[in-house]
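1. dropping a prediction and its sequence here:
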Amino acid sequence: DNKLNMFLFTLSLMIGTAGLPHVIIRFFTVPKVADARWSAGWTLIFIALLYLTAPAVASMARLNLVDTIYPEGTAQAEAIRYEDRPAWIQTWEETGLIQFEDKNGDGRIQMYNDTNAAFAPTAQERGWNGNELVVNNDIIVLANPEIANLPGWVVGLIAAGGIAAALSTAAGLLLAISSAISHDLIKTIINPKINEKNEMLAARLSMTGAILLATWLGLNPPGFAAQVVALAFGLAASSLFPALMMGIFSKRVNSKGAVAGMLVGLGSTCVYIFLYLGWFFIPGTNTFANTPDQWMMGISPQAFGAIGAILNFAVAYAVSLATEAPPKEIQDLVESVRTPKGAGAAIAH
């Protein structure tokens, strides 16, 4: 069901954003609790603007694209000829991200499908059915200003903004990954006696490994850009968000419950994604075809993060109830997070 997938997909993006570590880690860059709250508030405002304007940008991009090929009131049989194509199509054709295939040999850029009763009979009589112009999804954002005849510097500004956002996100995530592995995992659990030099070495090695993995996934993406982002946000939603929320709003959830919930949420989401997109995103290793008729209960892999989060919540709370309650000092800490008392400037560590 498309409505169900859209709801789960949107929910995954929302709670995935709340659970992303590079958003949380920004709180450590300000000196006071009040500054952290203002930082979080402005972050939420800009994230809300991004999500609210994205559908409008997508709609305008689709309208601009279609109007340049099929001006208002023009029948598809009278679509523009290929040699008269707009300049933006000629520009992006050079990248190989736009391709034209004249399926009916009439030299015009047309598209037909069986759901369009006005055009389908003609298409079937000509022996083809489909789209003659293939536009790569990844170029829509950059091509949209050019389609709308905006000046070239607008395209450059959008590209610069995208690069800046990517570098900022990458920096925050690499810092979170390296500190989680070197300090939280190695120093806190595996080897508490590790010295600072070896801890720094572990951080650098883990950061290098993360960069190599990201590079491999960049060269072999499991989908186009928006799908990859959806998968990343889904993994954050199914693993980190429930633990963060329960850590703030529940004094009963303990470490065993949180770990069990995160393992179940992350594991179920990863397995579901791998079943349709390939194990560890290796091409050709998928168990099922990534098509709506093959999806379990009709849920897309990009939207499964919300289901993983629900499983995370359920398992974490069940395991916590079946085990001992957190120590009194942990419960007091949770209470202080809800209502900070006497919070001032951050102390040095």
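-> Received, thanks.
2. residue 222 and residue 280 touch, don't they?
-> No. Residue 222 lies out of contact with residue 280 (CB atoms under 8 Å); the separation is 9.6 Å. Bear in mind the C-beta positions are built from the backbone N, C-alpha and C, glycine included.
3. residue 208 and residue 295, how far apart?
-> From residue 208 over to residue 295 the distance is 36 Å, taken as CB to CB, to the nearest Å.
4. looking at the two, which is more packed in?
-> residue 295 (19 against 12; other CB atoms under 10 Å).
5. the residue lying closest to residue 154 once chain neighbours are set aside: what's it in contact with?
-> Excluding its sequence neighbours, the residue lying closest to residue 154 (CB to CB, 6 or more residues apart in numbering) is residue 145, at 4.3 Å. Listed by CB atoms under 8 Å, 6 or more residues apart in numbering, the contact set of residue 145 reads 151, 154-155, 158.
6. pLDDT on the helix or strand where residue 145 lies, on average?
-> Taking DSSP states H and E as the criterion, residue 145 maps to helix 140-147. Helix 140-147 shows a mean pLDDT of 80.
7. then stretch 111-121?
-> Across stretch 111-121, pLDDT averages out at 51.
8. ok so, going back, PyMOL command for the buried members of the contacts of residue 145?
-> Buried residues among those (16 or more other CB atoms under 10 Å), as a PyMOL selection:
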select buried, resi 155
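9. inside helices: which ones of the contacts of residue 145?
-> Applying DSSP state H to the contacts of residue 145, the entries found in helices are 154-155, 158.
10. would you point out which residue is most central in the protein?
-> Central residue of the chain (CA atoms, centre = their mean): residue 229, 2.3 Å from the mean position.
11. against residue 304, how distant is that residue?
-> Counting by CB to CB, the gap from residue 229 to residue 304 is 15 Å.
12. re earlier: report the lowest-confidence entry in the contacts of residue 145.
-> When the contacts of residue 145 are compared by pLDDT, residue 155 scores lowest at 76.
13. touching, that one and residue 142? I think so.
-> Yes. Using CB under 8 Å, residue 155 is in contact with residue 142, at 6.0 Å.
14. quick one: least confident helix or strand in this structure?
-> Counting by mean pLDDT, DSSP states H and E, the chain has its least confident helix or strand at helix 120-125, which shows a mean of 48.
15. can you name the element that comes right after that helix?
-> Later in the chain than helix 120-125, the nearest helix or strand by DSSP H and E is strand 133-135.
16. give me the mean pLDDT for that following strand.
-> For strand 133-135, the mean per-residue pLDDT is 84.
17. quick check: buried residues in it?
-> 133, 135.
18. next one: that strand to chain centre, how far?
-> Strand 133-135 has its C-alpha centroid displaced from the chain centroid by 24 Å (CA atoms, centre = their mean, to the nearest Å).
19. that strand pairs with which strands, parallel or anti?
-> If you go by DSSP bridges, strand 133-135 pairs up with strand 98-100 (antiparallel).
20. run the chain-centre distance for the strand it pairs with.
-> Relative to the centre of its chain, strand 98-100 is centred 27 Å away, using CA atoms, centre = their mean.
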